[in-house]
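**Q** Okay, sequence plus prediction incoming.
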Amino acid sequence: MLKEKPCRRWIVWWIASAFYLYELVLRVSPSVMTEGLMSSFNATSTLIGILVSFYYYSYTILQLPCGVIIDKLGVKNLLLSSAFLCVIGSCLFASAEKIYIAQIGRFLIGAGSACAFISCLQIATDLFTKKYFVILVGITNVMGTLGGLLGGFPIAKLVNTMGWQNTTYVLASIGIIILILILVFIPNNLKKSSVDKEKNSSVSGNIVGLLKNHQIVLSGVISGLMYLPISAFAELWIVPFFMTKHGIDNETASTAAAIIFVGIAIGSIVLAMSARKLGGYMRTLRLSSLSTAIMFFVLIFCSDSMTLSLVIVFIIGFLTGAQPICFTCAKNNASSDLSGTALALTNCIIMSIGAIFQPSIGALLDTFWNGIISENGMRVYDIMCYRFAILTIPVSLIVSYIISFFVKETINLEDE
């Protein structure tokens, strides 16, 4: 049905990618709410890091179940329940008077967001020819970066105008609209009919088999470490880092978050299309990880000008745009009937690493904190605290560069 109507394929993919954009807004919006969250819950940076990372706990846990469900049943019902959880979680987060209620809200948002990215990739696998997959991965990443952009300055503006609680209620309302679009326009029989179900072993056997595939696991580790400029920096700590480094407010600092996501959006397309000319997927990933690490060192220790800092974060974003290529490497190392589970496993590894680093950077800030308290009772972290904490990101990128030499090139496995 969908093969006969190309426009319908694109409608399905665009709705799924719109949900991915939406969940990115939900994911990154706390980065411009940190002061309000600290004030509302009387929390330290460590507690805020833990609060925000509750998103990742459920997101990570549900990656493999979502992948299995997609492989067995398709995406529509999964997307419907996911959008519903995002709406409920947002309302709970906004109404929370105690931090543990906010944590439950973030947990539900993470659970609802778990299938967003892999649903887009599975739709790309099911409805489009294989040679377009790496490009569609790049475009999907662009949609995510647009979500990151919207979750920066526009959300900061709303937060400063109506408060973080009312802003979150607005986001919940948008989720209801997306839920209706999924219900109306995504067909029930989206699952690709060519999958040979007789070849499927048990779910646990499939997962164990993928975990034993070192090429898939290492691709996920590389991708997770390369994603740290987004998960551990752009999504949470970039705004307070720029506020401290340059003495600016959260609206102005959110410009940095916007610019890094613009760089990611451009880099996702350019680097995906240029991978062959650059010598292959793994060579592209190596160049990206090493260059990004260098740019982070410059940003942390050498950049005192706001303009230069913004240029550097754009370059960091552009180079980080190579990260989604890891999904192509993982997919090419899995059988076609397990593509959804392989993509989910890769995403699970990525988000596990993000869930570790977000609170870890917060803990490092508290470790290097010099004891200064603001007038309203909140801890004040100087630039040296941020430098030592964020230094973990370029070090991790260097580790990903080293690991990449243990992953084989898969670019020749794709159909032309």
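**A** Structure's in. What do you need? Keep in mind that this is a model prediction, so the values were computed, not measured.
**Q** Assign the residue nearest to Arg387 when sequence neighbours are not counted to helix, strand or coil.
**A** Distance criterion C-beta to C-beta, 6 or more residues apart in numbering; nearest residue to Arg387, sequence neighbours excluded, is Ile300 at 5.1 Å. In short, each C-beta sits where N, CA and C put it, glycine included. Following DSSP: H, G, I helix; E, B strand; the rest coil, we place Ile300 in the helix state.
**Q** Ile300: how many residues sit nearby?
**A** 20 (other C-beta atoms under 10 Å).
**Q** can you check Pro6 too?
**A** 11.
**Q** for the residue lying closest to Phe93 once chain neighbours are set aside, what are its contacts?
**A** Counting by C-beta to C-beta, 6+ apart, Phe93 lies nearest to Gly105, which is 3.0 Å off, once chain neighbours are set aside. Shown in contact with Gly105 (C-beta atoms under 8 Å, 6 or more residues apart in numbering): Gly89, Ser90, Cys91, Leu92, Phe93, Ala94, Ala96.
**Q** returning to that earlier point: surely the residue nearest to Arg387 meets Ile390?
**A** Yes. Ile300 lies in contact with Ile390 (C-beta atoms under 8 Å); the separation is 5.9 Å.
**Q** Report the contact partners of His246.
**A** Counted by C-beta under 8 Å, 6+ apart, His246 has contacts Ala253, Met306, Ser309.
**Q** Tell me the spacing between it and Ala342.
**A** His246 sits 42 Å away from Ala342, taking C-beta to C-beta, to the nearest Å as the criterion.
**Q** what do you get for Val68?
**A** From Val68 over to Ala342 (counting by C-beta to C-beta), the distance is 11 Å.
**Q** Same check on Gln215?
**A** Separation of Gln215 from Ala342 (C-beta to C-beta) stands at 10 Å.
**Q** Look at those two and report which has more neighbours.
**A** Neighbour totals were compared for Gln215 and Ala342, and Ala342 leads with 29 against 16 (other C-beta under 10 Å).
**Q** I'd like to know how far Thr44 sits from Leu365.
**A** 9 Å.
**Q** as a whole number, average confidence for stretch 261-273?
**A** Average pLDDT, stretch 261-273: 88.
**Q** How about the residue nearest the centre of the chain: what's its closest non-neighbour residue?
**A** In the chain, the residue lying closest to the centroid (C-alpha atoms, centre = their mean) is Ser231, at 6.1 Å. The shortest distance from Ser231 to any non-neighbouring residue, by C-beta to C-beta, 6+ apart, is to Gly354 (3.2 Å).
**Q** Name the spans of the stretch 151-300 of the chain whose pLDDT lies under the cut-off.
**A** Along the stretch 151-300 of the chain, segments meeting pLDDT under 70 span 189-203.
**Q** which residues of it fall in helices?
**A** For the stretch 151-300 of the chain, applying DSSP state H, counting those that start in this stretch gives helices covering 153-185, 203-211, 214-226, 228, 238-246, 250-274, 281-301.
**Q** Out of those helices, which is closest to Ile61?
**A** helix 203-211 (13.3 Å; C-beta to C-beta).
**Q** mind checking the SS state of the residue lying farthest from the centre of the chain?
**A** Residue farthest from the centre of the chain, counting by C-alpha atoms, centre = their mean, is Glu375 at 34.8 Å. Following three-state DSSP, Glu375 is assigned to coil.
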